[in-house]
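Participant: dropping a prediction and its sequence here:
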Amino acid sequence: MLKKLPIDVSSFEIMSKDNYLYIDKTQDIYNIFIAGSRFYFLSRPRRFGKSLLVSTLKELFSGKKELFKDLWIYNSDYDWQNYPVIHLDFSVIAHRSSDQLEKNLIKHINNIAQHYNVNISQDQNPEGAFYDLIQELSKINKVVILIDEYDKPILDHINNIEEAEKQREFLRSFYGIIKGQDVNLRTVLLTGVTRFAKTSIFSGLNNLNDISLKPEAAQLLGYTQDELLKYFTPYIENFAKKLNISNQDLLKELKSWYNGYRFSKIDLKVYNPFSILYSLNDQEITNYWFTSGTPTFLIHLVSNQYYSLETLDQVELNLNNLDNFDIEDTELVTLLFQTGYLTISDYNQTIHKVKLNFPNYEVEYSFTNFLVKALSKVSQNKLSLLSSQLIKALENNNIPEFCCKLEILFSSIPYSIISAEKESYYHALLQFLFSLLSLESQSEILTNNGRIDLALETKEYIYIFEFKLNKSAQIALEQIKDKKYYHRFLDKNKKIVLVGLNFINSKDKTELNFITENINKW
């Protein structure tokens, strides 16, 4: 009988005792947290196994060796001492206000004190209670501090800057207690989604070793391709039999949908554990991760900055740019990386810069679907219908019908979020729309004569688009012809259609006019 897949559990103790499948990460855990230094910070997207890592460390440092039977660390030279553990999970500590956060944090600290039968003063603030707890527990043994979702109280208020600032200031003071406790501490780990600049929240914790983008932590969370084959082959075989396809064909689909996350300079990619586990459990390939909850702060930010993603595949960033989350000045691309909607696609060793892109089909399709819906304010049913109609129009080379449906989509976009002066607004939205339609498209294609705004392929046609804003479709078409943008596609056995498309933006609506021309290759 196969072990249960851990789709509903993040407790290592429950997994060990109740016949759940555990992907053995204990050698990586040993190399980092036992053989390495003592103070760590790790950021990963939601649903990526951070809580399971924290739970595993909690049981490990509590000396519960029998829970680790059959795992690598069981037969290692680890000494299995029993250390007192302070485990704080800010996803379960209520924080609707900074006052509520303080009150509930004191309760959690007191509960830990009671568990270890130590006395701390009941009439004090959280910082004082935290300090006393460390002091008292250090009389038993060196103390381990595990803080999960350290940033949740801030992120949950990111659209209310005043409250987010209050929560941040409190947490900065609270986490600062750790710095002066060196002599009393065995190991410290803070996990979260975002990586605030140290001056923002970790000013008192400058000894944290941030392993978020370091090679040694590249496979600490998520599953590598080798791990997928080692641990999940029986589940994959059953899944493939149900679909009546080969194991290899199924593996290609799973890789396309759920693999692709990269967290360091080295080219090592991992699967999103949440999605791959649900897919194998349900024996279905569909969207799991995105529908598990998109943070409201991200929806707000994307709606205001989405056009910055238009040339995403051309952006190069220093690794340091990926860890500067700031409440007052949030960079969309940085936040999308930290929250898992983008990942490292390439690293240039010469200039020490990374490129970002969507990790896989699940995230790309889900994100574009969400974006088009969020910006256009259309219902899911209406968007699905428009998508089908747009695809049909392109397959039949019916550009008038295509533009008619585009006008319907743009007419549902509130004027307040349309930038009348930015042609990039329309470029970006159309690129995301075509991604949503599952059509092969490329934007901002470099040629020796300039940039093609958009090229799109169907089974029989190649469309080359040039966009203009408040000019004319004829000007757009002439640019394609003058610069011979179509030359690079002449060797393909498809009909080529040039489309000049002009957006006319008035205060109450957006209209389109267009002109087309077929290229006779022969």
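Facilitator: Great, that's in hand. From a predicted model like this one, the values you see are computed outputs, not experimental measurements. Numbers count the residues shown, from 1 in each chain.

Participant: just confirm residue 467 is within a strand.
Facilitator: Yes - when the secondary structure is assigned by DSSP: H, G, I helix; E, B strand; the rest coil, residue 467 falls within a strand.

Participant: give me the beta-bridge partners of it?
Facilitator: residue 501 (DSSP bridges).

Participant: make sure it is actually in contact with residue 452.
Facilitator: No - counting by C-beta atoms under 8 Å, residue 467 does not reach residue 452; the two are 10.6 Å apart. No exception for glycine: its C-beta is placed from N, CA and C like everyone else's.

Participant: mind listing what the residue nearest the centre of the chain touches?
Facilitator: For the chain, the residue lying nearest the average C-alpha position, counting by C-alpha atoms, centre = their mean, turns out to be residue 340 (0.8 Å). For residue 340, the contacting residues are 44-48, 261, 272, 289, 359, 363, taking C-beta atoms under 8 Å, 6 or more residues apart in numbering as the criterion.

Participant: top of these by neighbour count?
Facilitator: Neighbours here are counted as other C-beta atoms under 10 Å. On that basis the top member of the contacts of residue 340 is residue 272, with 28 neighbours.

Participant: how close does that residue get to residue 238?
Facilitator: For residue 272, the distance to residue 238 (C-beta to C-beta, to the nearest Å) stands at 21 Å.

Participant: in stretch 114-133, what's buried?
Facilitator: Of the residues in stretch 114-133, those with enough neighbours to count as buried (16 or more other C-beta atoms under 10 Å) are 118, 120, 126-127, 129-133.

Participant: then stretch 141-157?
Facilitator: 142-157.

Participant: phi, psi of residue 140?
Facilitator: Backbone dihedrals for residue 140, given as degrees, to the nearest 10, come out at phi -90, psi -50.

Participant: surely it touches residue 117?
Facilitator: No - counting by C-beta under 8 Å, residue 117 is not a contact partner of residue 140; they are 9.5 Å apart.

Participant: just checking, residue 517 is part of a strand?
Facilitator: Yes - secondary structure of residue 517 (three-state DSSP): part of a strand.

Participant: for residue 516, give the beta-bridge partners.
Facilitator: residue 499.

Participant: look up how far residue 480 lies from it.
Facilitator: Taking C-beta to C-beta as the measure, residue 516 and residue 480 are separated by 10 Å.

Participant: the two: which has the busier surroundings?
Facilitator: Between residue 516 and residue 480, counting by other C-beta under 10 Å, residue 480 is the more crowded of the two (21 against 17).

Participant: helices of the stretch 201-350 of the chain, start to end?
Facilitator: 225-243, 247-258, 273-282, 296-305, 332-338 (DSSP state H, counting those that start in this stretch).

Participant: looking at those helices, which has the lowest confidence?
Facilitator: Ranked by mean pLDDT, the helices of the stretch 201-350 of the chain bottom out at helix 296-305, with a mean of 67.

Participant: I figured residue 72 hits residue 27, correct?
Facilitator: Yes - taking contacts as C-beta under 8 Å, residue 72 lies within contact range of residue 27: 4.5 Å.

Participant: output stretch 466-476 as PDB, restricted to C-alpha atoms.
Facilitator: Once side chains and other backbone atoms are set aside, the C-alpha atoms of stretch 466-476 remain, and they are given as PDB (Å, rounded to 0.1, in the frame of the first residue of the first chain):
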ATOM      1  CA  GLU A 466       2.200  47.000 -34.900                       C
ATOM      2  CA  PHE A 467       0.300  49.100 -32.400                       C
ATOM      3  CA  LYS A 468      -0.200  52.800 -32.300                       C
ATOM      4  CA  LEU A 469      -2.100  55.000 -29.800                       C
ATOM      5  CA  ASN A 470      -4.200  57.900 -31.100                       C
ATOM      6  CA  LYS A 471      -2.400  57.900 -34.500                       C
ATOM      7  CA  SER A 472      -3.600  55.700 -37.400                       C
ATOM      8  CA  ALA A 473      -3.700  52.100 -38.400                       C
ATOM      9  CA  GLN A 474      -2.100  53.000 -41.800                       C
ATOM     10  CA  ILE A 475       1.000  54.400 -40.100                       C
ATOM     11  CA  ALA A 476       1.300  51.200 -38.100                       C
END
